[in-house]
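[1] Give me a 3D structure for the following:
(one chain, ligands or ions: 1)
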Amino acid sequence: MRITLPWIAVIGLLGSAGPVRADYDLVVKKNCLACHYVDKRKYGPSFQQVAAKYADQKDAADMLAKKIMTGGAGVWGEDMMPPQSQVSASEARTIATYVLSLK
Ligand code: HEC
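    Got it, this is the predicted structure:
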């Protein structure tokens, strides 16, 4: 499941490649889609839900970049996001900016 799912997502996206394609590829490569979908809740919140929640928060990109690397729980429920140590600080920042652009 963890291996096949991102590829299904890639195939689904081939028809709708847009300007954020490279950033989407990064969340595929970093296995974020094991727990997140862009447009609907999976184990974690959808990236669109995240974008909507922080739409008005100025430091959201920094805050989310940090959370991506260190993980956490309690914002969207009791489920916990493990630290994503495969993500570098600059990748986390790129992904956070991408997620926030999805609103
Ligand atoms: C094992 C499952 C899992 C994986 C893998 C995972 N997440 Fe999460 N993620 C969660 C859960 C659960 C939450 C909700 C945490 C909370 O309520 O604080 C979450 C929350 C988030 C949030 C919102 C944080 C907030 O404070 O509002 C973002 C952004 C996010 N994840 C991005 C990512 C990215 C990017 C990756 C890949 C590098 C990733 N996640 C991988 C489970 C996961």
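
[2] okay, CA-based contacts and neighbour counts for the rest of this
    Fine.

[3] Show me where the protein has its strands.
    Along the chain, counting by DSSP state E, strands occupy 72-73, 80-81.

[4] what's in contact with the first one?
    Translated: strand 72-73. The contact list for strand 72-73 (Cα atoms under 8 Å, 6 or more residues apart in numbering) reads Asp79, Met80, Met81, Pro82, Pro83.

[5] which one of the strands of the chain is the most hemmed in?
    Comparing the strands of the chain on average neighbours per residue, with mean count of other Cα atoms under 10 Å, the densest one is strand 80-81 at a mean of 16.

[6] what does that strand rub up against?
    Residues outside strand 80-81 that contact it (Cα under 8 Å, 6+ apart): Gly44, Gly71, Gly72, Ala73, Gly74.

[7] Look up how far the ligand lies from the fourth one.
    For Ala73, the distance to the ligand equals 3 Å [Cα to the nearest ligand atom, to the nearest Å].

[8] With Met69 instead?
    7 Å.

[9] Might you report the residue contacts of that residue?
    With contacts defined as Cα under 8 Å, 6+ apart, Met69 is in contact with Pro83, Gln84, Ser85, Val87, Ser88, Ala89, Ala92.

[10] Could I have the buried ones of those residues as PyMOL selection syntax?
    Restricted to buried positions by 16 or more other Cα atoms under 10 Å, the PyMOL selection for the contacts of Met69 reads:
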select buried, resi 84+87+92
